[in-house]
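Undergrad: Sequence plus predicted model, see below.
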Amino acid sequence: MRMSVELDVFVGNTTIMDEEVYQFWLDGYTVNDAVKVRMEGGVLEECEASAEVLHSDTMDQYRTFQMCERLLHSPAKLANQLLFQIPPHRQAMLIERYYAFDGVFVREVLGKKLSKGTKKDLDDVSAKTGVTLKSCRRQFDNFKRVFKVVEELKGPLVENIRQHFLLSDQLARNYAAIVFFANNRFETGKKKLHYLTFQDFAFCAGQLISYWTVGAVDNMVEDMDVDLEKQFLQDLKELKILITDKDLLDQHKSLVCTALRGKTKVFNEMETNFKNLSRGLVNIAVKLTNTKDVRDFFIDLVEKFIEPCRSDKWTAGDMRLFLTHYTNSAHILDTFKHQVLWDRYMGVIKSCILKMYHD
Amino acid sequence: MPGKLKAKIVAGRHLPVMDRASDLTDAFVEVKFGNTTFKTDVFPKSLNPQWNSEWFKFEVDDEDLQDEPLQITVLDHDTYSANDAIGKVYIDIDPLLCSEAATRICGWFPIYDTIHGIRGEINVLVKVDLFNDLNSFRQSSCGVKFFCTTSIPRCYRAALVHGFVEELVVNEDPEYQWIDRIRTPRASNEARQRLISLMSGELQRKIGLKVLEMGGNAVVGYLQCFDLEGESGLVVRAIGTACTLDKLTPGTAPNTNTHSNTAPASNVFRPVPGLGSCRATWAMFKQPVLDISFPLIGVLNNQFRHFLFLSVLSGMGSGGSAGKEAGPLKTLLRQHTQSALEQREFPFFTLTCFPPGFLVHVGGVVSARSVKLLDRIHNPDEPETRDAWWEEIRQEIKSHAKALGCHAVVGYSESTSICEEVCILSASGTAAMLNPRFMREGCLDAGGSDHRFEDASPPSCGFCHIPYDEFNMPFPAQLTYCYRCRRQKVPDVLFTTIDLPAEAAVTGKGCLIQARLCRTKKKAQGEVNATAISNLLPFMEYELHTQLMNKLKLRSMNALFGLRIQISVGENMLLGLASATGVYLSALPAPGGIQVAGKTPSDLNYDQHIATMQKRINDTITKNKELYNIHPPESTEELVGSPIPDRQRSRLFRSTSESSDELLELDLSHGKKDAFVLEIDDTDAVEDIQSLLTDAPMPAGFYSCNTEVMPGIYNWTSGLQMFTSVRVYRLSNANLTNQGLNKIFTELCENLLKSLYFKLRSMIPCCLFWNVPRSLSFVSPPPCLHPVLRPPHRSVSSAERCSPLPEGRSRSLRSTRSMPCGAPVAVVKMTPLSFLPGTRIVKYLGIINMFFIRETTSLREEGGVSGFLHCFIAEVFAMVRAHVAALGGNAVVSYSMKECVFMENPNKNQAQCLINVSGDAVIFVRESEQEATPPLMSSGQISSTGADGTT
């Protein structure tokens, strides 16, 4: 009665893949775990298959994925390799899913240096997030791989990622955000920032990339989308006048107050707090020449602006109204000469804050 | 006479890193043909080198062109030490030697290393300029076309079918030469690959010469096999059917041809009236070819233990009684053909599917086996011993066919099973009477309209009519008048090795029927061992036959097509696997049920037991009738008794009809129903019944067969998936009874099937085509093939699975994305069938016949035996596809993996595997672009392996 399977393979001319099993593999399930989950999922009853059958099928698929993994590291190869015959739409699926990542995981490493040290700590991340270590490693290696490749390329970041890794536009944008954060080492792990999702940060990254980087003015230099424009940061110091010049500050305040009177329930709080808030925003701008302060950009936004407003119970509408008038009023200030700079700064700040302000 | 071979090395891509320091490679290429070698320049520091070499020109004899492969070696240049080989590509030039096949070879080939597998790709361009050769003493046979397909290829018509060709060549196996002790595994593998490539080339050339001698221009149903005899050597053997084929010009494809009176082609392929048209379109073109290739090498000790066993499977009989002279000739036709065929030494045809009218009557399956002891081949140039062995077997087959009143054998194939020094040679085919018109010069060409034969359009039931003399039957059988024409006699059951003829009328659907059997034997050496095996064979054959018969009746069917019986030998076990497609032929009588009978009906309990069993059997039969939709008209009794108008019979027939009344009485006395009695008084029979009833039913939506046409289902989509599955089991407890073994073996087969059903569940409704169920070997698993076809019953599901046409899709991919390395890879389909449903084959580009060895010394690291083999099979597919694409093709038809030998040594962390694949490279176009469902091809190949006896 004893007959053990020594060898069991199934190979299709067109590579046969089950998306569900692919996901288990990506999620770092062991073969046995995957079999268990599949059994619970009810495939067995559907097809009168036995656990053995399921195990054999899962093994086959896992082997296929392992063999494909090397190709997935440079997705362009998948289209012109000869080993696996995979229809184009399946190739796209394989790539997209391979490069997909878990929101909880990415929040843990966002802004961290993509180094060996960080990789060593992945078991902690795994324990904390519930994402398997294997999956954490894959995601981390993906980040690192994309980072390394685009580091050396000229041209727009998102487009480079899309072309080299054949990702969808959305996923390419997310990767651009990850690369951008890793490059600038933005602090995202502080407790005060925990409430922010990856998508919040990704949106902000998009804004920063679009308006504050070298690429925003010149689109054919290296690192154009990953480094903030030095001159711009330098120039931001000029905004200091908005808070150091008392006249300007008062004028600015009265302009904003005039515009907002009667339009918001938190008018009084706003009026009381105006100077603090304005100082907060302008100080952030002024300090951005320091790398350390760039890293603290988001924490500063939260501490200096979002938290005070939240404790005063501003609504998102209040926030939008305030920021719009706060930005626009500066144009009317006769002694304030840095309109273009101000718009470039405030445009990003406004959309970031609006995204980061959860009611 | 010379030809000029030109090769150009264009570029490489995805090369492996050979220099750890720079993470780059300094690659160059050696191009070798015969003894001439050219080199490209070194392309420094790149993984994607662009050599753009000049044309390397080789001036060579066409004989060499046929034998030798073009050998391309990619190396890494090293200034200080020896250059490291990255890998090789062998390119078979043969397709370029035939004007009708490919004109050039051009494309990306995987660079293959026997230790590392595929390592990057190389782009190569090859052309041949051939000068006309008028030398009549030539040794080459350029221009003879080869087809693996076992039917007349679709863009040709058969002007003449000349008959059987066979050849074998022998050599020492490099793996066993003394030098192997000092050379690297890589060198040894490469020597072997190269030798086999040379031997295949030589074999093909020699067969080609025979074809030219016969006046033919093509070999159809070409089957080449290797016998790895170990110490005693290496045999490459091939068989096929020589034909004269005329190319159909594109405009005169059968359905578009309007001049039917002038174009003989339309006659050959004219669909038989009354046949469903959708089926006719392709079924007509299928030709079955069985590969019968048999070169065996080795010298036989003495005329040791030569055992031949005749099994005439068409009726009950398995009698060992051979050759009664055929009785009086039944028709004039026979005389005609006789002369045409008798001249041939072996009137054998490897075809399994024939132009309408070719097949007149079918007698039944004939088979012969012989057990031989292998001995070292002393002189490779004198393969006489192996030749003699096969000659013996073929003679035997021929005499069996004669005993069945037939002058020819169709669907003929040969095979071997080797274990240590014992070799079982097997041959089988279907005894038949053929219409001589395809065999005589000038017959077909004389005129379009066909007046030559009285029964120009034979009734669709003609092939079922018995060819033998009914009063001098070679085995006991019950004859009745044909249920369709009611004029001629038919047997109650018909077994054949051919495909279901296109004109055959079938009731309901068909299905795959398998009989499985294990037999233990004592471990022994030499003659004792061979004797033991010889003694077992007839019993195995008989039991397989009984199982088949029972299973057939249980499904309420009366005929088997595509019967293939494989017997494999191991150290202490023999395995038998018979596979066939069962159908209900409308022309044959309804099968009787199965009656269970006990010997001692005294005991009440016992009676009850029998009654229960009988009920279960009856219930199963009823269920199967529903399942396979078998509802023949209930006219049995009346038909048997009904007076067949004697006047309508031929005169010849009437002359012998004096005693025909007796025959009828005989039929009646036996009773039509329940003629088949199973006695369960011994445990064997109980086991039999158990196994009968425990065959797991197929899940809904699945169909399976091993013939090219699934009887009863005709609406296929072009969604096709070829796959290969290999399993090896180890049997740890050797002290098992035959019954215990049988049970395990059956479970094993059933599990494999279940596994497939599960994997392919998303494709249903689909049909598994077990094309070459050559399963079972010991130690080394031979594969069987299953392509899967999906009938388009559910348009929803097929729409979901639609991938856009591959062409269009890849183009759009290319234009929207910048691909550093050029065009996306073209899709190449593979199928063991000789056609692709929903498409038309417009050109045959030549035969694909490839042999690969893969070895590893890091088995665990590569994922164990499964990981290793999985990767290797994927690599083999990739290399086949690349060669087909380079020839300009988009599919391989009649694909088969003929050999898959696997050896491992887990202690040393080593494994080695040999794979031989073959098929026909073709270009197909979709029959109608609009209705074409995008191809989702899956065909497959399964090889299950018998256990390695003891451990």
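TA: Sure thing, it's come through.
Undergrad: Show me the shaky parts of the stretch 1-150 of chain A.
TA: A:1-4, A:44-48 (pLDDT under 70).
Undergrad: what about 50?
TA: Scanning the stretch 1-150 of chain A for pLDDT under 50 picks out the ranges A:1-2.
Undergrad: What parts of the stretch 651-800 of chain B come near chain A?
TA: Contact residues, the stretch 651-800 of chain B versus chain A (CB under 8 Å from any CB of the partner chain): B:699, B:721-733, B:736, B:740, B:744, B:747-748, B:751, B:754-759, B:761, B:781. Backbone N, C-alpha and C define where each C-beta goes, glycine included.
Undergrad: So the closest residue to chain A within the stretch 351-500 of chain B versus residue B:543, what's the distance?
TA: Of all residues in the stretch 351-500 of chain B, residue B:419 sits closest to chain A, at 18.1 Å by CB to the nearest CB. Counting by CB to CB, to the nearest Å, the gap from residue B:419 to residue B:543 is 20 Å.
Undergrad: try residue B:31
TA: The gap separating residue B:31 from residue B:543 is 56 Å, by CB to CB.
Undergrad: Tell me which of these two has more neighbours.
TA: Set residue B:31 next to residue B:543 and count neighbours by other CB atoms under 10 Å in any protein chain shown: residue B:31 wins out with 24 against 20.
Undergrad: Phi, psi for the more buried one please.
TA: phi -110, psi 120 (degrees, to the nearest 10).
Undergrad: Next: residue B:834.
TA: Main-chain dihedrals, residue B:834, degrees, to the nearest 10: phi -90, psi 10.
Undergrad: just the one 3 residues further on next, same as before
TA: With angles defined as degrees, to the nearest 10, residue B:837 sits at phi -60, psi 140.
Undergrad: mind listing what's buried in stretch B:838-845?
TA: Buried residues in stretch B:838-845, counted by 16 or more other CB atoms under 10 Å in any protein chain shown: B:838-841, B:843-845.
Undergrad: got the residues of the stretch 151-300 of chain A near chain B?
TA: Proximity of the stretch 151-300 of chain A to chain B (CB under 8 Å from any CB) is limited to residues A:163, A:166.
Undergrad: Pull up the residues of the stretch 101-250 of chain B that are close to chain A.
TA: Counting by CB under 8 Å from any CB, the stretch 101-250 of chain B comes close to chain A at B:108, B:110, B:118, B:121.
Undergrad: List the contacts of the third one.
TA: By CB atoms under 8 Å, 6 or more residues apart in numbering or on different chains, the contact list for residue B:118 reads A:82-83, B:87, B:110-112, B:875, B:878-879.
Undergrad: give me that answer again for 6 Å
TA: Residues in contact with residue B:118 (CB atoms under 6 Å, 6 or more residues apart in numbering or on different chains) are B:110, B:112, B:875.
Undergrad: same check, this time on the second one
TA: Going by CB under 6 Å, 6+ apart, residue B:110 touches A:82, B:118, B:121, B:878-879, B:882.
Undergrad: what do you get if the cut-off is 10 Å, keeping everything else the same?
TA: Residue B:110 makes contacts with A:81-83, B:14, B:87, B:89, B:117-122, B:875-876, B:878-879, B:881-883, as judged by CB atoms under 10 Å, 6 or more residues apart in numbering or on different chains.
Undergrad: Sort out for me which of those residues are in helices.
TA: For the contacts of residue B:110, the ones inside helices are B:875-876, B:878-879, B:881-883, with DSSP state H as the criterion.
Undergrad: filter those to the buried ones?
TA: Those of the ones in helices among the contacts of residue B:110 that meet the buried threshold are B:875-876, B:878-879, B:881-883, by 16+ other CB under 10 Å.
Undergrad: Contacting chain A as well, which ones from those residues?
TA: Applying CB under 10 Å from any CB of the partner chain, the subset of these adjacent to chain A comprises B:875-876, B:878-879, B:881-882.
Undergrad: pretty sure the residue of the stretch 351-500 of chain B closest to chain A is touching residue B:569, no?
TA: Yes. The pair formed by residue B:419 and residue B:569 meets the contact definition of CB atoms under 10 Å, at 4.5 Å.
Undergrad: Could you save the ones in helices among the contacts of residue B:110 as CSV and add columns showing pLDDT and distance to residue B:705?
TA: Shown next, in CSV, are those (pLDDT from 0 to 100; distance: CB to CB, whole Å):
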residue, pLDDT, distance to residue B:705
B:875, 94, 30
B:876, 94, 26
B:878, 94, 29
B:879, 95, 29
B:881, 94, 26
B:882, 94, 31
B:883, 94, 29
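Undergrad: from the residues you listed, which is closest to chain A?
TA: Nearest member of the ones in helices among the contacts of residue B:110 to chain A, counting by CB to the nearest CB, is residue B:878, at 4.5 Å.
Undergrad: Identify the residues contacting that closest one.
TA: Applying CB under 10 Å, 6+ apart, we find residue B:878 in contact with A:13, A:81-85, B:109-110, B:112, B:117-118, B:121, B:825, B:828.
Undergrad: sec struct for the residue nearest to residue B:707 when sequence neighbours are not counted, please.
TA: Ranked by CB to CB, 6 or more residues apart in numbering or on different chains and with sequence neighbours excluded, the top spatial neighbour of residue B:707 is residue B:562, at 4.1 Å. The three-state label given to residue B:562 by DSSP: H, G, I helix; E, B strand; the rest coil is strand.
Undergrad: Can you report how many residues lie near residue B:562?
TA: Neighbour tally, residue B:562, other CB under 10 Å: 28.
Undergrad: among the residues of the stretch 651-800 of chain B next to chain A, which are in helices?
TA: B:740, B:744, B:747-748, B:751, B:754-759.
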